[in-house]
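Visitor: model the following, please.
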Amino acid sequence: MTGSNELGQVELGTPVVGEDELDAIADVFETGWVLNGPTTREFEDEFAEYVGAEHAVSVVNCTAGMDMALNALDLPEDATVIVPGQAFIANGIAIGQNGFEPLFVDVDPETYNITADAIAERGAEADAVLLIHHGGYPCDMDAIMDVADEYDLRVVEDAAHALGSEYEGEKIGVHGDATVFSFGPLKMITTGMGGMVTTPHEDVADNVETLRSYGMDTDAWNREEDPKPWQYSIPQLGHNYRLSDVASGMGLAQLEKVEDFIAHRRQRAAEYTAAFDDVDGIETPPVTDNRRHTYLYYVVRVTDEYPLSRDELAHKLMDADVGISVHWDPALHHHQLFDEQGPTPTLPVSEQLADELLTLPMHPRLTKAEAEHVIELIDTETDK
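Guide: Residues are numbered from 1 along each chain as shown. Here you go, the predicted structure:
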């Protein structure tokens, strides 16, 4: 949602692409492979090195990645998956497309993330956890992995917001059984659309590779030197969820800039947080020593102490041509899809956050003057 002023329109987010990405795409054309070729393998290798992961498998988008990651874990056919109420519909879709049952749990009111305690409350009923690092702030992975071990739960991380985020000095992407990243238009890096699954398990990586390519046991690149390169077997039902080499070329160019993108976001976030410190009713994202928040989204909580409701403030900003969004309203368990499947639990924090969270402009081209304009629009309400 975007809305223009003397500064022009302040975008919620924007992809930062240009000559570097065009040059990378031209290099892909030189290989003669626009799909299943060497550029995708290079992107997977460099992504794994950046994150510190054992394996990285590219996919067509994050939702497809979560779908296949859950599938690749060989969960029971009637598996139940713990998922937070403050989550995107893609999380529910990934669970549902596998025929699994979601077990909704509440989130922490300060981090908006799922907690180890919430997982423990339903751990005995579940087979897996699908967690989200909300906005780019990492979940408490040590505590969560301890609970997962206690209840023998597999852990899939939705890291669509968390490329480059760190927990205890390690990047998100190395903790759970599988972690899924997004390269959508407004994500930390973009390939137009795209995603990546990282995992410490070779069998999970192999399963995702098979699932993304119709269920084939090998792809065209690996068959090229075979005596009969046209032959393949299909051991299981799969999808056409491959990332193209053209997109991978963009990804390689974007990956070289990721730390600059993060540094810019963290600078603007620090300015927002310092300015809102004295604004009653605007609660800012957490800042902690053991986690690096990369602020894919700068999400504030608009409480009753602020003169306007969240919705009223959102409309004021849109009327001033400031792009905003809400992550997320309604809470995941209140989508019609799940209401029609039977009674859903009451999750007071997730439901209150759905009414109070507001995502402010944040991207690598956001200027200090634009951020100050947003701050002024919010701050002036407290002077009335």
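
Visitor: just the helices from the protein, written as ranges.
Guide: 19-31, 38-51, 62-72, 89-97, 116-122, 141-151, 202-212, 220-223, 245-255, 258-276, 310-319, 336-339, 348-356, 368-379 (DSSP state H).

Visitor: deepest-packed of these, please.
Guide: helix 62-72 (a mean of 27; mean count of other CB atoms under 10 Å). Bear in mind the C-beta positions are built from the backbone N, C-alpha and C, glycine included.

Visitor: so that one versus helix 202-212, what angle?
Guide: On the basis of axes from the mean of the first three to the mean of the last three CA atoms, to 10 degrees, helix 62-72 is oriented at 120 degrees to helix 202-212.

Visitor: now helix 62-72: mean pLDDT?
Guide: Mean pLDDT, helix 62-72: 98.

Visitor: residues making contact with that helix?
Guide: With contact meaning CB atoms under 8 Å, 6 or more residues apart in numbering, helix 62-72 is reached by 59, 81, 90-91, 93-95, 97-98, 100, 128, 130, 156, 158, 160, 177-178, 180-184, 195-197, 199, 203-204, 207-208, 211-212, 239, 241.

Visitor: out of the helices of the chain, which gets nearest to Gln231?
Guide: Among those, helix 220-223 comes nearest to Gln231, with 7.5 Å by CB to CB.

Visitor: which residues touch that closest one?
Guide: Residues contacting helix 220-223 (CB under 8 Å, 6+ apart): Trp33, Leu35, Asn36, Gly37, Pro38, Arg41, Pro229, Trp230, Gln231, Tyr232.

Visitor: could you report the neighbour count for the first one?
Guide: Per other CB atoms under 10 Å, the neighbour tally for Trp33 reads 19.

Visitor: doesn't Asp245 make contact with it?
Guide: Yes - Trp33 lies in contact with Asp245 (CB atoms under 8 Å); the separation is 5.3 Å.

Visitor: overlap in contacts of those two?
Guide: Thr39.

Visitor: any idea how far Asp78 is from Asp339?
Guide: As judged by CB to CB, to the nearest Å, Asp78 and Asp339 stand 21 Å apart.

Visitor: who's in contact with the closest residue in space to Ala128 that isn't next to it in sequence?
Guide: Of all residues not flanking Ala128 in the chain, Arg154 sits nearest, at 4.3 Å (CB to CB, 6 or more residues apart in numbering). Applying CB under 8 Å, 6+ apart, one finds that Arg154 lies in contact with Leu73, Leu75, Asp127, Ala128, Val129, Ala148, Asp177.

Visitor: quick one: low-confidence parts of the stretch 151-300 of the chain?
Guide: Within the stretch 151-300 of the chain, no range satisfies pLDDT under 70.

Visitor: ok, what's across the strand from His55?
Guide: Beta bridges link His55 to Thr199 when assigned by DSSP bridges.

Visitor: count of neighbours near Pro76?
Guide: Pro76, neighbours per other CB under 10 Å, totals 9.

Visitor: which ones are touching it?
Guide: Pro76 touches Asp127, counting by CB under 8 Å, 6+ apart.

Visitor: what would the helices of the chain look like in TSV with distance to Val326?
Guide: Converted to TSV, the helices of the chain look like this (distance: least, CB to CB, whole Å):
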stretch	distance to Val326
helix 19-31	30
helix 38-51	29
helix 62-72	19
helix 89-97	13
helix 116-122	22
helix 141-151	26
helix 202-212	31
helix 220-223	42
helix 245-255	26
helix 258-276	17
helix 310-319	7
helix 336-339	18
helix 348-356	8
helix 368-379	15
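
Visitor: could you give the number of residues near Pro227?
Guide: Pro227: 6 neighbours (other CB under 10 Å).

Visitor: with the one 10 residues further on instead?
Guide: Using other CB under 10 Å, the number of residues around Leu237 comes to 9.

Visitor: now the closest residue to it other than its chain neighbours: phi and psi?
Guide: Leaving out its chain neighbours, the residue that sits closest to Leu237 by CB to CB, 6+ apart is Gly215, at 5.4 Å. Dihedral pair for Gly215: phi 90, psi 10, per degrees, to the nearest 10.

Visitor: can you offset everything so residue one is 13?
Guide: Yep, numbering from 13; the last one is Gly227 now.

Visitor: isn't Gly227 right up against Pro247?
Guide: Yes - counting by CB under 8 Å, Pro247 is a contact partner of Gly227 at 6.5 Å.

Visitor: which one's more surrounded, those two?
Guide: Higher neighbour count among Gly227 and Pro247: Gly227, with 15 against 9, using other CB under 10 Å.

Visitor: now the more buried one: how far from Val69?
Guide: Taking CB to CB, one finds Gly227 at 15 Å from Val69.
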